[in-house]
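K.L.:
Fold the following and give me the result.
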Amino acid sequence: MAYRMQTSVPSLMDLKDEPDHVFEMYGPDSRKAGSYAANCLLARRLAERGVRFIQLYHRGWDQHNSLPRRIREQCRDCDQPSAALVKDLKQRGLLDDTLIIWGGEFGRTPVSEKGNGRDHNPYGFTMWMAGGGIKRGFNHGATDDFSYNITENPVHVHDFHATILHLMGLDHERLTYRYSGRDYRLTDVHGAVIKALLA
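P.N.:
I've put the predicted structure just below:
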């Protein structure tokens, strides 16, 4: 299996068979190796080949200063390729079986801090999901008028993980093991599937 994995990489990375309209859909950076746009295109190619877990990174979101300029740059890098990935998977009949999760580990405070940036906010932030059994065009939860605290339908990280596992066909409560006199599972000792998110 390791040999097959290694020998499949050259054909995976060779984008010469991709038509121009696909590169145009993913955006101007899609031909630049290592860019977020090129990685989104590679993610689709990996999904086509049956790779079960694919993780993409776009670093540099920790904007404690220069937020207006930097957020524009990062949105320019991410918006078109992320939308293209969803569209491409859907056109190829892969979206229903592919769960896409886009987000970070915290949000940003709604007020500017010194240096024209924003501080970390663990109390209210967004995770964006598509495909793989998620309800389409749906918002779950809300924050206050300042986007600081959750006011409606809070989701704990254990609930989020339980929901992801459910969408992958796993019952998070059955993946339990005993250690040092305590029952542990992938969602620790908490977590419930958020049924409102399911299609």
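K.L.:
hey, what's the nearest residue to E173 once chain neighbours are set aside bridged with?
P.N.:
Closest residue in space to E173, ignoring its immediate chain neighbours: R185 at 6.6 Å, by CB to CB, 6 or more residues apart in numbering. Where you see a C-beta, it was placed from the backbone N, CA and C, and this is true even at glycine. Note on R185: beta-bridge partners T176, judged by DSSP bridges.
K.L.:
List the residues that contact R185.
P.N.:
For R185, the contact set (CB atoms under 8 Å, 6 or more residues apart in numbering) comprises H172, E173, L175, T176, Y177.
K.L.:
Tell me the confidence at it?
P.N.:
Note on R185: pLDDT of 85.
K.L.:
Could you identify the buried members of the contacts of R185?
P.N.:
Buried members of those, counted by 16 or more other CB atoms under 10 Å: H172.
K.L.:
Any idea which of the contacts of R185 the model trusts least?
P.N.:
Lowest-confidence member of the contacts of R185: L175, scoring 80 (pLDDT).
K.L.:
about what we covered before: same list (the contacts of R185) but as JSON lines, adding distance to N39.
P.N.:
Output for those, formatted as JSON lines (distance: CB to CB, whole Å):
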{"residue": "H172", "distance to N39": "29"}
{"residue": "E173", "distance to N39": "35"}
{"residue": "L175", "distance to N39": "30"}
{"residue": "T176", "distance to N39": "35"}
{"residue": "Y177", "distance to N39": "35"}
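K.L.:
Which of the contacts of R185 sits closest to V22?
P.N.:
The shortest approach to V22 among these belongs to H172, at 36.9 Å (CB to CB).
K.L.:
which stretches of this structure form strands?
P.N.:
Ranges of strands in the chain, per DSSP state E, are 99-103, 107-108, 120-121, 127-131, 142-143, 150-152, 176-179, 182-185.
K.L.:
closest one to P81 among those?
P.N.:
In terms of CB to CB, the element of those nearest to P81 is strand 99-103, at 11.1 Å.
K.L.:
Averaged pLDDT, the closest one. What do you get?
P.N.:
95.
K.L.:
Can you list the strands that that strand pairs with?
P.N.:
strand 127-131 (antiparallel).
K.L.:
Please tabulate the strands of the chain in CSV, including the columns distance to D29.
P.N.:
Formatted as CSV, the strands of the chain follow (distance: least, CB to CB, whole Å):
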stretch, distance to D29
strand 99-103, 17
strand 107-108, 24
strand 120-121, 28
strand 127-131, 21
strand 142-143, 32
strand 150-152, 35
strand 176-179, 44
strand 182-185, 41
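K.L.:
now for the ones you listed, which one comes closest to T7?
P.N.:
Nearest to T7 among the strands of the chain is strand 99-103; the distance by CB to CB comes to 28.1 Å.
K.L.:
Alpha carbons of the closest one, in CSV - could you do that?
P.N.:
C-alpha atoms of strand 99-103 as CSV (Å, rounded to 0.1, in the frame of the first residue of the first chain):
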residue,chain,number,x,y,z
LEU,A,99,-17.8,16.9,4.4
ILE,A,100,-16.1,20.3,4.2
ILE,A,101,-15.3,22.2,7.4
TRP,A,102,-13.8,25.7,7.2
GLY,A,103,-12.8,27.5,10.3
